[in-house]
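**Q** missing the sequence, but the structure's below:
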DNA sequence: CTTGACCCTGTAGTTGCTACAGGGTGCATA
DNA sequence: TATGCACCCTGTAGCAACTACAGGGTCAAG
């Protein structure tokens, strides 16, 4: 299949596919006589793996490690679990941070009663961190 | 005050302060005979405003608009409220997305029982989006 | 034989910084 | 007076993970 078909099949955009090849995340495929990239099912499933992992927020380097593992089926699964668990921890930390931030923002937004900027509680609050209830 | 003092006073790092000046977020300060930047209290509070807004996740462009508003105290406060409310909405959307993602990750991580990569549920789950319970 | 959809390479832009390299300044100490 | 050290300057390049061209080639249909 050509790159456009692979793109439609996986949801990854064409430039992204070429980018993944350039950084060595996807192997360079065979080429047709016209120098078009020609992909098989193995490319397709590898790319799906990459896109799905990216959607789950794994970094390219984490995905590289996960792919290394899946390329070598004899290796220990603990490493994959360790990467995923660490990532889960990061997502949880990010959520906790955003929740604090949301609460702070909600407090700030809730204070606006209209009027002119000179009296604006929003602008005032942004200039004065000491009024915040949490550290962000 | 010199740039190092401003940096200590606001928590912004020196390179960041110069960056804000370069992109026009902070006005260029006066210079000493030795060509050192020389800041006053107005710079300090403007920079605090910027840093605090960044910590709350506002983009540089949003901050630019907020600063424009606070530079012109006669203007309507509604604009500031609109920006902050929109941002709050984005933060809430991001939280919702991360919560889905966390749940999906937790499901994936919870399935690992050790063993070799060939049997790894983590790797298997990453390769197969159709097993996910949510769209991410 | 031309139109349009597709493909190629290579480079530059995005956001919000951060990190040099290579130089100048200012003050204290030997 | 020399010299060390902390600080400052400009300009450029790097980070993540793409995305967006520019400028060209290929191929099938009408």
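**A** Here it is on my side, so go on. Remember, predicted model here, so these are calculated numbers, not experimental data.

**Q** is the helix or strand of chain A with the lowest mean pLDDT in proximity to DNA strand C?
**A** Confidence across the helices and strands of chain A bottoms out at helix A:121-127, with a mean of 85, counting by mean pLDDT, DSSP states H and E. No. Contact of helix A:121-127 with DNA strand C is not found when judged by C-beta under 7 Å from any atom of the strand; the minimum separation is 13.8 Å. All C-beta spots, glycine's among them, are computed from the backbone N, C-alpha and C.

**Q** helices or strands up against that helix?
**A** Counting contacts by 3 or more C-beta pairs under 8 Å, 6 or more residues apart in numbering or on different chains; DSSP states H and E, the secondary-structure elements packed against helix A:121-127 are helix A:78-110, helix B:41-55, helix B:60-71, helix B:78-110.

**Q** what comes up buried for it?
**A** Of the residues in helix A:121-127, A:121-127 count as buried by neighbour count, 16 or more other C-beta atoms under 10 Å in any protein chain shown.

**Q** circling back: distance to residue A:48 added to the helices and strands packed on helix A:121-127, as TSV?
**A** TSV is the format used below for those (distance: least, C-beta to C-beta, whole Å):
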stretch	distance to residue A:48
helix A:78-110	17
helix B:41-55	36
helix B:60-71	35
helix B:78-110	15
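
**Q** how about those, which one is nearest DNA strand C?
**A** For DNA strand C, the closest of those is helix B:60-71, at 3.4 Å, according to C-beta to the nearest atom of the strand.

**Q** that closest one: how far from the chain's middle?
**A** If you compare the mean C-alpha spot of helix B:60-71 with that of the full chain, they lie 15 Å apart, counting by C-alpha atoms, centre = their mean, to the nearest Å.

**Q** returning to what we had before: relative to residue B:32, which of the helices and strands packed on helix A:121-127 is closest?
**A** Between residue B:32 and these, the shortest separation by C-beta to C-beta is 14.4 Å, and it involves helix B:41-55.

**Q** now the angle from the closest one to helix B:60-71?
**A** Inter-element angle recorded for helix B:41-55 and helix B:60-71: 140 degrees (by axes from the mean of the first three to the mean of the last three C-alpha atoms, to 10 degrees).

**Q** give me the contacts around helix B:41-55.
**A** When contacts are defined by C-beta atoms under 8 Å, 6 or more residues apart in numbering or on different chains, helix B:41-55 is touched by residues A:126-129, A:136, B:1, B:6, B:9-12, B:17, B:20, B:25-27, B:29, B:60, B:62-63, B:66-67, B:70.

**Q** now which of those residues would you call buried?
**A** The neighbour-count criterion (16+ other C-beta under 10 Å) marks A:126-127, A:129, A:136, B:1, B:6, B:10, B:12, B:17, B:20, B:25-26, B:29, B:62-63, B:66-67, B:70 among these as buried.
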